[in-house]
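Asker: Structure for the following, please:
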Amino acid sequence: MSDQSADLPSGPACALPELVPPDPWQPAVLHAAADFVVAYKPPNLSFHRERDTPGLVERIRELYGAPLWPVHRLDAITSGLIVLATSNDAASAFGERFAAREMDKVYLALSDRKPAKKQGMISGGMAAGRGGNWRLTREDALFAKTRFVSASVSPGLRLYALKPYTGRTHQLRVAMKSISAPIVGDTRYGGSEADRGYLHATLLAFDWIDGAHAFYCPPCAGSLFVTDACRIAQASLGNLQTVWSG
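Answerer: Numbers count the residues shown, from 1 in each chain. As a prediction, the model looks like this:
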């Protein structure tokens, strides 16, 4: 496991137009293109159906009114941007991009614990533990790598911008726990009780046949995310698009 310094981003919080769902607690289609749809996932919604409760994929298909193919996923606690393909061929192409790490994502998270470090690189192997939990190890098996920067929101509360370079199960949640800063609301990994797990997929970027695409959705669900102090902290991090460079 290693932890190295990372350059702080600079510039405005985000130069991209904001994609904002009509209701932050309900799924929505935010952008539709020929080969893909960019959708919003609210917190506390499972990705797939659970018994009689439709999951995100089913809900977005209903909203879109046509078949869609999921190409990546978000945990139930996580809100934010997700892309779905409009054809099986497009899904295969997206799968190749994810496998080649050509899909750039940036997340925002809140923690009310003092971190071991305020910025840097978190890397190590991922090992399955009890009850479906994961932990970071010093081994290379299932290697995971995450870059992060952070800013103070208020005394005892800190905002983190996280860029995963790999796509392991619970990677960001485990990474935050590993720096002694579990995500607020993520009680599974030691976070404080809250109205939601405060992890949000805020930026998504990739190259496609018709050129480069980048999408930005500010965090909009949860009392701690929508405060002026949290917005100021996000602005102080600078242009989050630069977090994924390098």
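Asker: how close does the most far-flung residue of the chain relative to its centre get to Glu58?
Answerer: Outermost residue of the chain with respect to the C-alpha centroid, by C-alpha atoms, centre = their mean, is Asp52; its distance is 26.6 Å. Asp52 sits 12 Å away from Glu58 when distances are taken as C-beta to C-beta, to the nearest Å. Every C-beta, even on glycine, is put in place using the N, C-alpha and C of the backbone.
Asker: Low-confidence bits of this protein, can you list those?
Answerer: Where the chain drops to pLDDT under 70, the residues are 1-15, 239-246.
Asker: at 90 instead, please
Answerer: Low-confidence segments of the chain (pLDDT under 90): 1-17, 48-53, 98-103, 128-132, 135-143, 166-169, 236-246.
Asker: Asp140: neighbour count?
Answerer: For Asp140, the neighbour count with other C-beta atoms under 10 Å is 9.
Asker: May I ask which helix or strand encompasses it?
Answerer: Using DSSP states H and E, Asp140 falls within no helix or strand.
Asker: the helices in the protein, which residues?
Answerer: With DSSP state H as the criterion, the chain has helices at 56-64, 88-99, 171-178, 228-236.
Asker: in the first one, what's buried?
Answerer: What it means is helix 56-64. Across helix 56-64, burial judged by 16 or more other C-beta atoms under 10 Å covers 56-57, 59-61.
Asker: what's across from the closest residue to Gln119 other than its chain neighbours in the sheet?
Answerer: Spatially, and ignoring its direct neighbours in sequence, Gln119 is nearest to Val149 (4.5 Å; C-beta to C-beta, 6 or more residues apart in numbering). Beta-bridge pairing of Val149 under DSSP bridges involves Ala161.
Asker: can you tell me how far Val149 sits from Ala201?
Answerer: In terms of C-beta to C-beta, Val149 sits 17 Å off from Ala201.
Asker: Please apply the same query to Arg188.
Answerer: 18 Å.
Asker: and if you look at Leu110?
Answerer: In terms of C-beta to C-beta, Leu110 sits 14 Å off from Ala201.
Asker: more neighbours, these two?
Answerer: Leu110 (29 against 23).
Asker: quick one: contacts for the residue found closest to the more buried one once you drop the neighbours it is linked to in the chain?
Answerer: Leaving out its chain neighbours, the residue that sits closest to Leu110 by C-beta to C-beta, 6+ apart is Tyr198, at 3.9 Å. Applying C-beta atoms under 8 Å, 6 or more residues apart in numbering, we find Tyr198 in contact with 109-111, 183-186, 222, 224-225.
Asker: go with 7 Å
Answerer: Taking C-beta atoms under 7 Å, 6 or more residues apart in numbering as the criterion, Tyr198 is in contact with 109-110, 183-185, 222, 224-225.
Asker: CSV for those residues, including distance to Ile77?
Answerer: Shown next, in CSV, are the contacts of Tyr198 (distance: C-beta to C-beta, whole Å):
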residue, distance to Ile77
Ala109, 10
Leu110, 12
Ile183, 8
Val184, 10
Gly185, 7
Gly222, 10
Leu224, 13
Phe225, 13
